[in-house]
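K.L.:
Okay, here's the prediction I keep looking at, along with the sequence it came from:
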Amino acid sequence: MVKKVVIVFSATVVLISSCYNQKEELLYPLGANCNGINAKFSVDVNPIIQTNCAISGCHDGSSTNGPGPLTSYDRIRDAASRIRTAVVDRTMPKGSTLSTDDIRKIVCWIDSGTPNN
């Protein structure tokens, strides 16, 4: 009986591990490729944040949610890693969703070092 359990367990482990996908574009579809995207804070990222995040009840000037207000470059830069995770995971913005293009702009701006441009 123990031999059967060991065989079934071993077969399960082999099957599960063989299903792992190592293609970067499938693992990280929104953050892996920034070719051709030169996102600028003032033109691309800030308008997305102000329209979708820095609104009443979310991350406006009086917010205590998550990283707090996302109303200035400094605040957004300081929260960049949290923002990146939230938009890639599509857990933010609450109640709506960003387009793939908007997500790529945010991710590529953050991945390029969050320049104040």
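P.N.:
Structure received.
K.L.:
How many residues are close by the nearest residue to S96 once chain neighbours are set aside?
P.N.:
Once flanking residues are discounted, S96 sits nearest to N52: 6.6 Å by C-beta to C-beta, 6 or more residues apart in numbering. (Each C-beta comes from the backbone N, C-alpha and C, glycine too.) Here the count is done by other C-beta atoms under 10 Å, and N52 has 20 residues near it.
K.L.:
got a pLDDT number for N52?
P.N.:
The per-residue pLDDT reported for N52 equals 95.
K.L.:
wait, doesn't C108 sit right on F41?
P.N.:
No. C108 is beyond contact range of F41, at 11.4 Å (criterion: C-beta atoms under 8 Å).
K.L.:
Got phi/psi on F41?
P.N.:
phi -60, psi -50 (degrees, to the nearest 10).
K.L.:
any idea how far G95 lies from G57?
P.N.:
Separation of G95 from G57 (C-beta to C-beta, to the nearest Å) stands at 9 Å.
K.L.:
after the helix or strand of the chain with the lowest mean pLDDT, next one along is what?
P.N.:
Lowest on mean pLDDT, DSSP states H and E among the helices and strands of the chain sits helix 24-27, with a mean of 44. Beyond helix 24-27 on the C-terminal side, the first helix or strand identified by DSSP states H and E is helix 46-52.
K.L.:
That following helix: what's the following helix or strand?
P.N.:
helix 73-78.
K.L.:
Would you point out which residue is most central in this protein?
P.N.:
V88 (2.4 Å; C-alpha atoms, centre = their mean).
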